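S.K.: below are the sequence and a predicted model for it; my questions follow.
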Amino acid sequence: MKEWYDAIHEAQNVEKLEEIRILVFGKKGVLAAEFVKMKNASNEEKAEIAKDLNNHKTTLMNEFTARKIVLQTLELQEAMKAESIDVSLFSSSSQSGALHPVMETMDKIVEYFNSMNFAVKTGKMVEDDFNNFEALNLPKYHPARDMQDTFYFKDEMLLRTHTSPVQIRTMMNSKPPIRMIAPGAVFRRDYDITHTPMFHQVEGLLVDEEGKVSFANLKYILEDFLKYMFGEVEVRFRPSFFPFTEPSAEVDISCVFCKGEGCRVCSKTGWLEVLGCGIVDPNVFEAVKYKNVSGYAFGLGVERFAMLIHQIGDLRSLFEGDIKLLEQFR
Amino acid sequence: MIVTRSWLNEWIDLRGISTDEIAKTFNSIGLEVDRILKYRVPAKIVFGKVLECEKHPEADKLNICQVDIGTSTRQIVCGASNVRVGLNVIVATIGAVMPNGMVIKPVKLRGVESEGMICSASEVGLADAQSGILELDDSVGSFTLGQEVSENEILNDDLIELELTANRGDCLSVRGVARDLSAAFDRPIKEYNYTDNDEKRGIGRILSLSHEKDFDVSLCYKALELKGLTLPLVVKLRLAQLEESRDSKIESIMLYVTHASGVVLRAYNHSFFCDAADKTMAKIVLKEDDNGYACVKGQKKASTIGIIQSSESTVINDEGTILLEASYIPPDIISKKMAKNKIESGPIFYKSSRGTEPELSGGLSYCIDFIESHSESSTFGGNIKLSNSYRDKIVIVKKHEIDDIIGAVIDKVVVSKILHNLGFDISKSSADNFIISVPQFRHDILNKQDIIEEIVRMVGIDNIPSKPFVLTEANRLEDDYFSYKKRTIFRRRCAQSGFFETVHFVFDEKKTLNAYGFETTKSELELLNPIVKTLDTLRPTLLTGLLKAASSNVKNGYSSVKLFEIGSVFSPTREETLKMAMIFSGDAEAETLSNSGKPKKIDFAHFTQKISDIVGNVELKQYETAHSLSHTYQSAQILISGEVIGELFRVHPEVEKDYDLNNAFMCELEFDKIPYHLKTARQSSKYQASFRDLSIIMPKDMSYETVKNVISENATDELIRFYPVDKYSDEFLGENMSLSLRFVLQSIEKTLEEDDIATSMDAILNALNSKLGVGLR
């Protein structure tokens, strides 16, 4: 019997082992033959031999099963080894597209004001003089209305120079209280390193009862907004002048590049101008025939925000559909 | 607007306040600081006096000077042509480090020892006030020989350039800026008063003034006999700091005093206004000129008020009888006129259109004082003036209105003090009301909020607390918000599908657009002042912008370009609509191991798949585009649920060539028509679906659309969907082809039996056969 034990141990693959199994356990196998031989033995011997043979049968079967598991495992290992790959060949770069940084910045701005319960209002780009200028306390002879700055059409219509006409139209079409932002493209006749003839603005307006809306309210929301956009920055308000607000202010943040130390981007001042705002001028309310109200308004350039947030150096590159720039925003 | 610390000091005492603090204050009161420049003369540069001056024996252009520098006398060789005995000068002594880094050492110049250097303004880092060495006079204040120049306040001045907003004409003078600082620091402003001497000959003997009608203009004249005028160093220095210069001394003084006082001053040659018969009497007439501007005239026009002076009326040689004129015209009058009727304007227009100082006598007195102390001139007694009547503007503000708008309680005393220091009269105010009389120089103050703005800027916005607004709850999610959100969602889907978002100007080139068959804005509605020729109309399509962008990306080496844009386009009647467009050009995917570095080119099926991934299930119909960008045989209309939403096409080979593209596909959709609404779920079957494939033989030129329509019309309820899966043609089939279709059948009520399926399929086959003559393969 010993040779069969050796044979099971020495079998190198599952097929060989199977052959051995048939030779040992098969109907015409070794064990069967031994049981046949047993017939000639005496009864006493029979019991002895049977016991011995049954022991061998059980042990051989155990040996066989164990060896089979070993061989199957080895074979699976071999098979998987054959399928091995060099994973480093498959380092992958994203093939998805990306949103435009200016549009994504605009989304981020809109998201903030949405959460502060501001409605989103949009309007048309071709506007008339009343909604773009007159109603905003920009009389005919105001320097900001110079031909140099505004795109006009032959029929005296114009391309809106800010999104403020959306505010005028909203006020004309609905009653206070109003709490809205107007995101969109605006146009100025200017084309150089820091100006493009089209850019994007988000302007905001809040109107409520007289005596309810204060400069302190304006300060609160803009400080909070700028921290949401730029992280922990210092915010500074400087009194300024806009025809449609009074009092007016320009808002600076501490330079995001040099942390206020002074660098090229902030012209060594440590501050970056990012917003204009103020309390709505009574002449504007008069133009839309609102009485006994108070309100604040603010406006910002989306490209400027996008350039500061993403450290984009060239304004004009934003309008060229350049994948080299865009693929960085995947 | 440029001011300097020492110049401001002439109007307001700024002792104890640092320049940086002043700059910070300017910013916080709304006068934005653009630039700060600190002039600092280095150490070991001292005041000296030239005692002797001889020609250098070996060099024509050099002088050997003995210079008293207080402690001793030094021999210095000087090359400046204006060096002479008796001159007070600036001397760089041994060891001084000049601003350019040069160190002063004892040297021999052509054999003569020189111990130091007599300096020009620019050599010591000052504004270039004078060519040659700086000739000191008492206008820079007192000094002792040997004293360090760095101790002198006028020479070591701090310049601050302010960027003024258009409403603050009152700050276009040193005095005006000082007035704002006076309110900010609560320090008084100094005034200059001139006392006329009675013994003088009266101005009436040499000047008469008449006017044709009432003008909204103020004029004031003084006359003097100008003689021996010298221009003090401080004037030269400050004009150099302003980077300004004038040809004559008197014109330099006019510029200087106007900048200092804010009053517009002009000097006229007296004889310009005299006629041949009477050389002693100047006759000035205030008239309206052909353009409707108020003018000062003699025989000819001498000047246009607030705009320009004729060169013939100016003073030549700084001598003789001259007339000094101070004038004021309200800024709105002049800017309205200029906007309507543009004429040549002079440097003063910038100031006069924003508002100059209306109180004329102050500026005129300052000017006369100044000339008298720097010349041997004699002034005629009195003045001749013409005043427009200014009615005080009264603004009434309630105390609580100030607090409400600011959002904080501002003490009444603080409000009064601020307004008083800014020149407002509030003497008639009551307990709750401020009755404010607005000075004429503040033409920008018209209403309550203008007054409140003055208080805000003086209190400082930083000192106002931030308070959240308490709002009434309201649903503000309206139509415009939903369309913005729809846009955001489709932009994200495009990006997920591999397209990059682009933004282009809404301008495009009319010529190119018309050449490709696009209709552009009607000529009577066209842009009047395009910025460049290539952006001379409003775009009617997004396609051309995408083509250009794709082209430049291909040139940058991108073999697969996927771009999209959602933006406004304009009809010929300039109606604005929103479109969404995509371009896919070149390789269908990136080069990878899996495609052995040879990716397939984008094809019609792949592109259509991309588009429907973004917008949902689409149907395509054979279509001919209105423009010529499309491939004649590969262009389609896109439909969703039976409605046309746009077009999809392969780019025409000629256009591909124009833009250096290889295999490009585009589509343009009307954004508002892309479905974006509530979806409702269909009841779905719990029973198994069955599949049947049929291959039919149909003519090659028969459109699948025809086949599809017949199948749809004759399908039983059990047919869930069907779609083509294979197309085959060979010689044997000839003009026919085989099209394999897969049918999916399912019932809501039961598992379909063979018989049910056969019934459904037979109905379809029969219809195809009878209506189209199409049968099984």
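M.R.: Arrived safely.

S.K.: residues contacting residue 260?
M.R.: As the question left the chain open, I've gone with chain A. If a contact means Cβ atoms under 8 Å, 6 or more residues apart in numbering or on different chains, then A:Gly260 has A:Glu234, A:Ser254, A:Gly270, A:Trp271 as its contacts. Bear in mind the C-beta positions are built from the backbone N, C-alpha and C, glycine included.

S.K.: let me rephrase: I mean chain B.
M.R.: For B:Ala260, the contact set (Cβ under 8 Å, 6+ apart) comprises B:Trp7, B:Glu10, B:Ser173, B:Val174, B:Arg175, B:Tyr366.

S.K.: in helices, which of those residues fall?
M.R.: Secondary structure from DSSP state H places B:Trp7, B:Val174, B:Arg175, B:Tyr366 of the contacts of B:Ala260 in helices.

S.K.: top of the residues you listed by neighbour count?
M.R.: In terms of neighbours by other Cβ atoms under 10 Å in any protein chain shown, those top out with B:Arg175 at 28 neighbours.

S.K.: go ahead and confirm that residue touches B:Ser261.
M.R.: Yes: the criterion here is Cβ atoms under 8 Å, and B:Arg175 meets it with B:Ser261 at 5.3 Å.

S.K.: tell me the backbone dihedrals of A:Ile221, please.
M.R.: Backbone torsions for A:Ile221, taken as degrees, to the nearest 10, come to phi -70, psi -40.

S.K.: list the contacts of it.
M.R.: Applying Cβ under 8 Å, 6+ apart to A:Ile221 gives the contacts A:Met116, B:Pro468, B:Phe469.

S.K.: let's see it at 10 Å
M.R.: For A:Ile221, the contact set (Cβ atoms under 10 Å, 6 or more residues apart in numbering or on different chains) comprises A:112-113, A:116, A:118, A:204, A:206, A:277, A:296, A:298, B:466-469.

S.K.: likewise B:Ala495?
M.R.: Taking Cβ under 10 Å, 6+ apart, we find B:Ala495 in contact with A:96-100, A:104, A:326, A:329-330, B:501, B:562, B:564, B:614.

S.K.: try 6 Å this time
M.R.: Listed by Cβ atoms under 6 Å, 6 or more residues apart in numbering or on different chains, the contact partners of B:Ala495 are A:Gly97, A:Ala98, A:Leu99.

S.K.: before we move on, back to that, adding pLDDT and distance to chain A, write the contacts of B:Ala260 out as CSV.
M.R.: As requested, those are exported to CSV (pLDDT from 0 to 100; distance: Cβ to the nearest Cβ, whole Å):
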residue, pLDDT, distance to chain A
B:Trp7, 95, 23
B:Glu10, 91, 26
B:Ser173, 94, 18
B:Val174, 95, 20
B:Arg175, 94, 20
B:Tyr366, 89, 28
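
S.K.: which residue ranges form the strands in the stretch 201-350 of chain B?
M.R.: For the stretch 201-350 of chain B, the strands defined by DSSP state E, counting those that start in this stretch occupy B:207-211, B:218-226, B:264-269, B:282-288, B:294-297, B:301-304, B:308-309, B:320-328.

S.K.: and for the stretch 401-550 of chain B?
M.R.: With DSSP E, counting those that start in this stretch applied, the stretch 401-550 of chain B shows strands at B:433-438, B:500-501, B:507-508, B:537-538, listed in chain order.

S.K.: per-domain residue ranges of chain A.
M.R.: Using automatic domain parsing, the domains assigned to chain A come out as A:2-83, A:101-329.

S.K.: distance from the chain centre to the last one, please.
M.R.: Spelled out, that is domain A:101-329. Using Cα atoms, centre = their mean, to the nearest Å, we find the averaged C-alpha position of domain A:101-329 to lie 24 Å away from the chain's own average C-alpha position.

S.K.: ok, stretch B:421-436 next?
M.R.: For stretch B:421-436 - counting by Cα atoms, centre = their mean - the centre lies 37 Å from the chain centre.

S.K.: next to chain B, which bits of the stretch 151-300 of chain A? Give me the list.
M.R.: Within the stretch 151-300 of chain A, the positions near chain B by Cβ under 6 Å from any Cβ of the partner chain are A:152-155, A:189, A:191, A:197-198, A:211, A:214-217, A:219-220, A:223, A:237-241, A:246-247, A:249, A:279, A:282.

S.K.: buried ones among those?
M.R.: Buried members of these, counted by 16 or more other Cβ atoms under 10 Å in any protein chain shown: A:153, A:189, A:197-198, A:214-217, A:219-220, A:223, A:237-241, A:246-247, A:249, A:279, A:282.

S.K.: re earlier: hmm, which of the contacts of A:Gly260 are the buried ones?
M.R.: Buried, going by 16+ other Cβ under 10 Å: A:Ser254, A:Gly270, A:Trp271, out of the contacts of A:Gly260.

S.K.: neighbours around the residue of the stretch 101-250 of chain B found nearest chain A, how many?
M.R.: With Cβ to the nearest Cβ, the shortest gap between the stretch 101-250 of chain B and chain A falls at B:Thr165, namely 3.4 Å. By other Cβ under 10 Å, the residues close to B:Thr165 number 19.
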